[in-house]
Each structure stands twice: as structure tokens, then as C-alpha cells.
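Engineer: Okay, here's the prediction I keep looking at, along with the sequence it came from:
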Amino acid sequence: GSAVFGIGFSENGAANPFGSTDEAYAIFETYLTFKGTTQSDNGLEFGYSSTIAAYDTDGGLNDDGTSAYVSGAFGKLTFGSVNEASKVAGLPDIGGLSGLGVDNVAEALWAGASHNVNYKYSAGAFTVEASSSVGKGVDSNGVGVKYDTGTYYVGLGYADDTEATTVYAGGSFSGVNVKAMYSDSNTANQKAWGIYADYTTGALTLKAEYADNDIVTDAAFGIGASYDLGGGAALVGGIASVDDNTRAEMGVSFEF
Amino acid sequence: GSAVFGIGFSENGAANPFGSTDEAYAIFETYLTFKGTTQSDNGLEFGYSSTIAAYDTDGGLNDDGTSAYVSGAFGKLTFGSVNEASKVAGLPDIGGLSGLGVDNVAEALWAGASHNVNYKYSAGAFTVEASSSVGKGVDSNGVGVKYDTGTYYVGLGYADDTEATTVYAGGSFSGVNVKAMYSDSNTANQKAWGIYADYTTGALTLKAEYADNDIVTDAAFGIGASYDLGGGAALVGGIASVDDNTRAEMGVSFEF
Amino acid sequence: GSAVFGIGFSENGAANPFGSTDEAYAIFETYLTFKGTTQSDNGLEFGYSSTIAAYDTDGGLNDDGTSAYVSGAFGKLTFGSVNEASKVAGLPDIGGLSGLGVDNVAEALWAGASHNVNYKYSAGAFTVEASSSVGKGVDSNGVGVKYDTGTYYVGLGYADDTEATTVYAGGSFSGVNVKAMYSDSNTANQKAWGIYADYTTGALTLKAEYADNDIVTDAAFGIGASYDLGGGAALVGGIASVDDNTRAEMGVSFEF
């Protein structure tokens, strides 16, 4: 499992998770994951994963993603809370707690119906996947392809409900990671893009992100940092401007 | 825990779990069970069981049954999500995923208030039980008795809210299992009945079921099959006609 | 985890948890707790705790308290479902199942916004803590101090939303435990107080409690008993008069 907690700040309370107009608020999120697998006689793997989340904002227990899969030489077929295939690579958030939301600006054209079936096939550095919303009364499908050497990657995704094509690219060199994406939605005639970079030196990781799209008035940008405390714990934080609103968060994250 | 996933089909979307009119839909159900027991100094056993379920249809976590009991020489007293005592034996579903619902037609007169207290006493092949809804503002009680040799069983149940008497019988011979039930509700002046049979040869199990009652226009019937893949995994599926609507499902089930 | 179940009685159904007017009702509560901790390189402890509860009254799964903390030489900082700092010591309930509510009468002036951040520092027998509701649009803070030798304790708490000052005191001698509290709310110009005592001899514990406040018409009082069965299991029960309504409960509790 994992948990984060700390203090957030949002200008005019714009992103206050409690729905109040307070600019400062407590951040608290916990994730407890259960996994189970079994193997059939012919070598297929069947697996289950479910994450129970608690957020300070509602006081209840939430399903943060439950899925089941079967995988083998044919690939991997997953049902439940699945990845939408067009999202073969996104941008990380900065801040490290609940997230400052700069990445969401770049990923704005991803929005669409959630899918419940995903099929993925990998061969060497290549991965192709397709996903769909089956039975929900909407016609929503996606496909994606990714080539990832471990040092760099390129990817391409297409979602048919928004007719959005997204290209992805990124790479690592000398402690620097860079990730970028660009989406073009034919239905909405809108574009969205963003770029993220981080640099790690010793226990410290510095992060920066910039994103813009044709929906918001102002581009979003921000910086973040995390300091590794060992044992899976870290000091984390960041500050950003999202649609001209200043947001910040600072606290700790840990795994258990 | 256990999980099932696959594809379902329901004519005109009559049984689409997402509430859409799509005839084909994704089936996804997972069950994660936690159990705990302790023994008192005088040899009583106290136990707890709770199952957290996720269904594709709602995206949340559900209580699929939580109960606590104390058992000893006096029998077993259970509180929480308990069996209604009149249901000493029901019919299995066919299909193996979310179920095709043929059994529900035979069990239609079971409907009534859910109970929260159950007492059961077993002696050899005999089991008697009584259950009740205590404190919920309704008067609902049930009693049941079952004689089960392991090779065959007969049972009798009575629910006082619907004044429904149900008789049960079944047995196994040469790889064939047969289960039948017949209900007669005095309050509603209605009858319901059904019969189920399965046959296992090697890894394959074939199933058939027929049920009718005085509420539906058309009798329900169907066939199913499961193929054991080893390791607790199986290919499962079935097709049925329920109130003149065709339903089918096919997929996999596994335990982890 | 732990569980309780049994039968409750409330005159005129006043406290029936199902919302019906039945005087007798089933009591059923289960608690399943998950914990996780990790240690950073500099010796800080990060921890997580979450309790999933099931109550007969709603049929769902509930978050009975999820929190995360970091502790070290500086003290302990907790986020999530935290103790309100003014509540450094309360009164136990009698009855042992869902509780008869006599203690609630003494604790009536505790009411206020729930807090989501708590800081606690302990040195020897002294503990000081402060807590607050951060970001929820209300101004609610509390402080508390407690001196606890293990044999006796005194405490003082202050909540600024109700301007309520509470003093606590208690001690143990010869198998007898006594706990008392007295609150005075400046905002409401109301007082509340209560005293609890229990006596243990062998497996049997007898309990008595008396509480009153300026809100209710009649003082509340009652007695309870628990009989230790070994293995974490106990027979428990009690009877009380709360605002002139008779309440009783009897059943079992156990840990697993």
C-alpha cells in the first residue's frame, strides 16, 4: 500500500478538495492494494488486483481500480478498471501528493467514456493494445502502440469517441527524464500538449512541467521536488500555475 | 478470493447490467473474502467472514456478505448476512459468470425480507435451522430441515411472510447431479418449481436447467458448460431462455 | 479484527438502529483493521491504519477510520481520521456491543467539526496534543494535555468552536477503575459531566456509569457486565436509562 499526506494551497480555493473556499487544506490519500494470481495447467496466468482508497474529502472507502486478467503467449486480456488503449504514455504529475494538475491540461483531450475491456500484446520493445467500453450504451474504443527501449520511447494512440490522435515521446539520459505528448481531437477541433522533465541527483529529484490546450485561457506550468528519505518514504512538494490559479502542495509520501 | 469475467448477451438488452439497451455487454465480478476465528476456553468457536465485491456495473466496493457466528455443541448462531432458513437447498445457476437467471424463476417465491439472525443445528445427516428478521419493523421468519447423506438429500422449508412451503430433493450417481425444488405460496396463491442436472466427464461439466412459476408467462430453460483448466481456473458459459428472452454468457472463472 | 453481536432493546424503539419502532433488534458490528509501517533512513516511522466496518443497519462497507502518520523525536503528526485533541480522555460505554449511550451524555459538549490533522508530543507521563479541521471551511481547533502515571491520570482539553473546556480524571486501585469528566461550554452556556467505574474479579467485570448535562431533561445511568470466555471472546451486556428511555443489550464480543 501507499499513502500521502500534507498541506495544499489553491488560490481562491479553486481546487479545494472539501468544496470550501479555504485556500489552504489538508491532503490525505491512502491506497491499500490486494492482488491474487493462479496458473492453469496449460500455463495461462489469471490475476486479480483491487485497490481500496480513502480520501479525506469523503470519509468513505473507494474502489480505486479493480481488475482481473488472463495472460499468456496470446497477450493479456483485462476486464474491469482497465487502461484506455490510446493512453499508452501520459505525463506524470508534479507535487507528489494529490497532484497539481498541470498534466491534466496536456491530457484534456483524453476525456471520454471509461473502458472496461483491454487487450495488450507485447513483443520485445513493441506493445500494441486495444480497449473498449462494452455494453454501456456508448460507442467508445481506443487503440495504442508503443515502442520502448527502456532508454527512450515513442507512442501513438487513437480514441474514436473524440477522434483524438495523440503522439508520445520521451527518454532518459544522465539522470534527466523527459516526457512529452501532443493530442489533436478531430471532433472538437482542439489541440493539447505538454512536456515534463525531471532530474535526479542523490536523494533529490527536481521536476518541471508545462502544458497547454485550446480549452483553457492560460497555459499551465510548475515545478516540484522530492527528497528520498529511504524505506519508501519521501518529502514531496511543488508549486504550479493552472489556468492562472496558483496551486501548491507539500508533505510526505510513503509505501508500506 | 474469486473472479469471473467475460461477455454476456441479453435479447433487447433486457438484462444488461449497465442499464443500457446494448445486447452484448462485459461481465466482471470479483470477490475478496476475509475470515477470522478464535476459540474460547470452553471450546466455543467465534468466527467472522466478510466478502468485498467489485462489479463492473457500479465502480464501487460492495459488501457481498458479512457475518459473525458462535458455534459449539448447541449448534451455530449467526448474525449479519445470514441464510434464510427456508432456503435449505436452492438450484445452482448455469453459465458460470453472473448467471443466466433460470434458477431465479424456480426460486421466485423465496422473495421476502432479508433475515439477520440464523440458528442451525446439525446431527449426522440432519440439519434444522431457523432464521428471522429482528428489529427491522417487519415480521419475517423461516424454518428449514434437510437430510443429506452426501449421495442424496431431501429438504423442507417454510417462510412465514409469504406463507411459502418449499420442498427440495437431489442426488448424485455416476457423475450426474440432479437438484429439484417446488414452492407453493399460500399468500400469493402461486407455485414455482425447477430442476437442474449436470454431468462431469474429465475436465468437462455439462449443465441443464428448467424452471417455471405462476408469475412469468414463459418457462425458463437453458444449458451451460464449464471446462476445468486446472489451478482453480475454468472456461465457463451457457445460453438460456428466460421469460422468452434469450440470454447467454461466456468467459472465465478463477480462484486466487 | 473484532466483532460483536447480540440483541438490543430500546423503549419505544427510540434507539432502534434500523429506524423501525421495534423495541427489540439485532446488533451486529464487525471491524477489520489493516496496518502498515515503514522506517526512513533517519529513523522516522511512517504508518497507515484503516478499519473496514460492517453494520447490520446499512448492508454496506464503511470506513471506520483511516489515518496516516509520521512519528519521531519531534512527536507524532497524524492526518485523516484523527483524535480531536480536546478529547484526551473520555468515558467508556457500558453494554459492550453498540453501546448504551450513557457516555454520550457526558460527552455531549464535545460535538463540533471533525478534525483531520493532529499533532501529539509525549514526554514521560505527559502528553500534549493539538488538532484542527484544515480546509473544510470551518474554524475548529482543539488542544489537550494529559498526565498519566498508569495508575491515575488527569487531563484538560479545550475546543475553540464550542469554547468548551473539559477536565478529566481517573485512576485504578484494587481491581477498581474510575473515570470522570466535566465539560463547560462558554458558547452554549451548558455543562456536561459523567462518572464511570468498573470492578474486575476473575473473569467477571462489572460496570456502572452516571452522566448528566444541561441539554437533556433526565440524567442517564446504567450498569453493565462482561464475562471473559478466553481467546479474546466475552459475554457482554448492560441496561441503562438514557433521557428516561430504557435501553439494554446482551450478546458476545470477540477478537480474531
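Structural biologist: Nice, thanks for sending it over.
Engineer: elements contacting the strand ranked longest in chain A?
Structural biologist: Counting residues, the longest strand found in chain A (DSSP state E) is strand A:24-39. Where contact means 3 or more CB pairs under 8 Å, 6 or more residues apart in numbering or on different chains; DSSP states H and E, strand A:24-39 is packed against strand A:2-10, strand A:45-55, strand C:45-55, strand C:61-72, strand C:75-80. (Glycine included, C-beta is placed from N, CA and C.)
Engineer: Reformat those strands as CSV; add distance to chain B, mean neighbour count and mean pLDDT.
Structural biologist: Shown next, in CSV, are the helices and strands packed on strand A:24-39 (distance: least, CB to the nearest CB, whole Å; neighbours: other CB atoms under 10 Å in any protein chain shown; pLDDT from 0 to 100):
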stretch, distance to chain B, mean neighbour count, mean pLDDT
strand A:2-10, 18, 23, 97
strand A:45-55, 4, 22, 96
strand C:45-55, 4, 22, 96
strand C:61-72, 5, 21, 95
strand C:75-80, 18, 22, 97
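Engineer: follow-up on the earlier one: what comes up buried for the longest strand of chain A?
Structural biologist: A:25-32, A:34, A:36, A:38-39 (16 or more other CB atoms under 10 Å in any protein chain shown).
Engineer: who does that strand pair up with?
Structural biologist: Strand A:24-39 sits in its sheet next to strand A:2-10 (antiparallel), strand A:45-55 (antiparallel), going by DSSP bridges.
Engineer: Around A:N83, count how many other residues there are.
Structural biologist: 18 (other CB atoms under 10 Å in any protein chain shown).
Engineer: Setting aside sequence neighbours, what's the nearest residue to it?
Structural biologist: Computed as CB to CB, 6 or more residues apart in numbering or on different chains, the closest residue to A:N83 that is not its neighbour in sequence is A:N118, at 5.7 Å.
Engineer: burial count for the one you found?
Structural biologist: For A:N118, the neighbour count with other CB under 10 Å is 23.
Engineer: Do a quick rundown of the helices in chain A.
Structural biologist: In chain A, the segments counted as helices under DSSP state H are A:102-106.
Engineer: Residue numbers of the stretch 51-200 of chain A in contact with chain C?
Structural biologist: Residues of the stretch 51-200 of chain A lying near chain C by CB under 8 Å from any CB of the partner chain: A:52, A:54, A:56, A:59-61.
Engineer: right, and the pair among those with maximum separation?
Structural biologist: Spanning the widest gap among those are A:I52 and A:D56, at 15.0 Å by CB to CB.
Engineer: Nearest residue to the residue lying farthest from the centre of chain A in space, please, no chain neighbours.
Structural biologist: Using CA atoms, centre = their mean, the residue of chain A lying farthest from its centre is A:D41. It sits 35.4 Å away. Leaving aside its chain neighbours, A:D41 sits nearest to B:G230 (3.2 Å; criterion: CB to CB, 6+ apart).
Engineer: The residue of chain A found nearest chain C: what's it in contact with?
Structural biologist: Closest residue of chain A to chain C, CB to the nearest CB: A:Y25 (2.3 Å). Contact analysis of A:Y25 by CB atoms under 8 Å, 6 or more residues apart in numbering or on different chains lists A:7-10, A:16-18, C:134-136.
Engineer: what pLDDT does it get?
Structural biologist: On pLDDT, A:Y25 comes in at 95.
Engineer: Over to the one 10 residues further on?
Structural biologist: As summarised for this prediction, A:K35 has a pLDDT of 98.
Engineer: Also the one 4 residues further on?
Structural biologist: For A:Q39, the pLDDT comes out at 97.
Engineer: cool, and A:A169?
Structural biologist: For A:A169, the predicted pLDDT is 98.
Engineer: how about the nearest residue to it, chain neighbours excluded?
Structural biologist: Per CB to CB, 6+ apart, closest to A:A169 is A:V154, 4.9 Å.
Engineer: Count the neighbours of the one you found for me.
Structural biologist: 16.
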